[in-house]
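Novice: next come a sequence and a model predicted from it.
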Amino acid sequence: MYQARELALGRLQFEADQLGADGVIGVDIKVEYLHNGEWMEVTAVGTAVRYVGSGQNMPPTGMGRVTIPAG
């Protein structure tokens, strides 16, 4: 299950990077078991965001981050 979760989050981060995002917020992870538990589907959905300001609060360049809210 952990490998599937990491794969879903990695794909989410990759797609956000392709869009030029600085990060992903509001990530929702859904796990669904199919075919009497023989298959597992993990879906990660979030909102890609870009920083549009300037100054000291600007994030470092490079790969964005995926933030998962606690709880």
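Specialist: Looks like it arrived, so ask away.
Novice: and the pLDDT at the residue sitting furthest away from the middle of the chain?
Specialist: Residue farthest from the centre of the chain, counting by CA atoms, centre = their mean, is residue 36 at 27.7 Å. On the pLDDT scale, residue 36 is placed at 92.
Novice: please enumerate the strands of the protein.
Specialist: For the chain, the strands defined by DSSP state E occupy 23-34, 39-49, 65-66.
Novice: ok, which of these comes nearest residue 12?
Specialist: When the strands of the chain are compared by CB to CB, strand 39-49 sits nearest residue 12, at 4.5 Å. Where you see a C-beta, it was placed from the backbone N, CA and C, and this is true even at glycine.
Novice: and that closest one, what other elements does it pack with?
Specialist: helix 2-18, strand 23-34 (3 or more CB pairs under 8 Å, 6 or more residues apart in numbering; DSSP states H and E).
Novice: list the buried residues for it?
Specialist: 42, 44, 46, 48, 49 (16 or more other CB atoms under 10 Å).
Novice: adding pLDDT, write those residues out as TSV.
Specialist: Listed next are the buried residues of strand 39-49 as TSV, based on pLDDT from 0 to 100:
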residue	pLDDT
42	93
44	94
46	94
48	92
49	90
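Novice: ok, these vs residue 23, which is closest?
Specialist: Residue 23 lies nearest to residue 49 out of the buried residues of strand 39-49, by CB to CB, at 5.6 Å.
Novice: so the closest one bridges to which residues?
Specialist: Note on residue 49: beta-bridge partners by DSSP bridges are residue 23.
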